[in-house]
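Engineer: Fold the following, please.
(one chain, ligands or ions: 1)
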Amino acid sequence: MPSRLFVSSDRVWVKVCGITNRVDALMTVENGADALGFVFANSPRRVTVDQVASVLEVVPGQILTFGVFVDEDPDRIVALVDSLGLSGAQLHGSESPQEVAYLSERIPRVIKAIPAGEDLGERVALYQSWAILVDGPRPGSGQAFDWSTLDHTRISGRLILAGGLDADNVGYATSLVDPFGVDVSSGVERSPGHKDPTKVHDFIVAAHR
Ligand SMILES: O=C(O)c1ccccc1NCC(=O)[C@H](O)[C@H](O)COP(=O)(O)O
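Structural biologist: Predicted coordinates:
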């Protein structure tokens, strides 16, 4: 099994997922996000390759950009990351440790998403990835889990907390878990696929506090 070192950051790293257009991307970056996610999987936030290419034209180079996939063909993920110039891929399906390792050797950053629950430490240890995202029960649903059950000392490497986060709860959640980063989608939307500037602003301020 691959070994990992726990990775922390001085300031919580913030990724905003489910970006579908240039206006939301720029507004999110201006509010201080570190990374953006584009959902290629079946979702109310699903984007096309052309949409993402158009958004990427206006995103500053220091911002990390991730394609979000569910059980996609690994070679299609590699091709999309390469052709769009994405920073990496976020995997929300039942990708095997072998598939995740295959992708980690071919693209700069792989985030493997894992639902919270029993044996989390053992499940996480199977994967070789840039980061592990611990999610709620259904991706992009806004459903949280009991953060007090997440013992980050059993998870080494970069831990990204997600699932039902919003401006009101992100401070409490991060105080319990002390993650490398947080990921949010529905908690900063006005409707699926459309971000709310006030919610994005308040979320990032609260995450950095
Ligand atoms: O957003 C979706 O609809 C989606 C569909 C399929 C796979 C992943 C998806 N989203 C991932 C995320 O937005 C986040 O990484 C995470 O699940 C948190 O979402 P939320 O609870 O809405 O903040």
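Engineer: Now the most centrally placed residue in the chain: closest residue in space that isn't a chain neighbour?
Structural biologist: Within the chain, one residue has its C-alpha closest to the average C-alpha position: by CA atoms, centre = their mean, that is Asp183, at 4.9 Å. Closest residue to Asp183 in three dimensions, ignoring its sequence neighbours and counting by CB to CB, 6 or more residues apart in numbering: Ala162, at 3.9 Å. In this view, the C-beta of every residue, glycine as well, is placed from N, C-alpha and C.
Engineer: helices or strands up against whichever strand or helix holds the residue nearest to the centre of the chain?
Structural biologist: Asp183 is located in strand 181-184, with elements delineated by DSSP states H and E. Here strand 181-184 touches strand 13-16, strand 158-161, helix 170-177, going by 3 or more CB pairs under 8 Å, 6 or more residues apart in numbering; DSSP states H and E.
Engineer: quick revisit: and the pLDDT for the residue nearest to Asp183?
Structural biologist: Per-residue pLDDT puts Ala162 at 97.
Engineer: Now for it, how many residues are close by?
Structural biologist: Number of residues near Ala162 (other CB atoms under 10 Å) recorded here: 28.
Engineer: count of residues packed around Met27?
Structural biologist: Every residue meeting other CB under 10 Å relative to Met27 is counted, giving 18.
Engineer: got it, and Val177?
Structural biologist: Summarising burial for Val177: neighbours were counted as other CB under 10 Å, giving 19.
Engineer: what ranges do the strands span in the protein?
Structural biologist: Taking DSSP state E, the strands of the chain run over residues 13-16, 35-39, 64-69, 88-91, 109-115, 131-135, 158-161, 181-184, 189-191, 194-195.
Engineer: For the ones you listed, give me TSV that also has distance to Glu99.
Structural biologist: Shown next, in TSV, are the strands of the chain (distance: least, CB to CB, whole Å):
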stretch	distance to Glu99
strand 13-16	22
strand 35-39	19
strand 64-69	11
strand 88-91	8
strand 109-115	10
strand 131-135	15
strand 158-161	19
strand 181-184	21
strand 189-191	30
strand 194-195	31
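Engineer: Distance to the ligand added to those, as CSV?
Structural biologist: As requested, these are arranged in CSV below (distance: least, CB to the nearest ligand atom, whole Å):
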stretch, distance to the ligand
strand 13-16, 8
strand 35-39, 5
strand 64-69, 5
strand 88-91, 6
strand 109-115, 6
strand 131-135, 5
strand 158-161, 8
strand 181-184, 4
strand 189-191, 8
strand 194-195, 12
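Engineer: The least confident helix or strand in the chain by mean pLDDT packs against which elements?
Structural biologist: Among the helices and strands of the chain, helix 120-125 carries the lowest confidence by mean pLDDT, DSSP states H and E, at a mean of 87. Using 3+ CB pairs under 8 Å, 6+ apart, the elements in contact with helix 120-125 are strand 109-115.
Engineer: Give me the angle between the strand it packs on and strand 64-69.
Structural biologist: Relative orientation of strand 109-115 with respect to strand 64-69: 50 degrees, computed using axes from the mean of the first three to the mean of the last three CA atoms, to 10 degrees.
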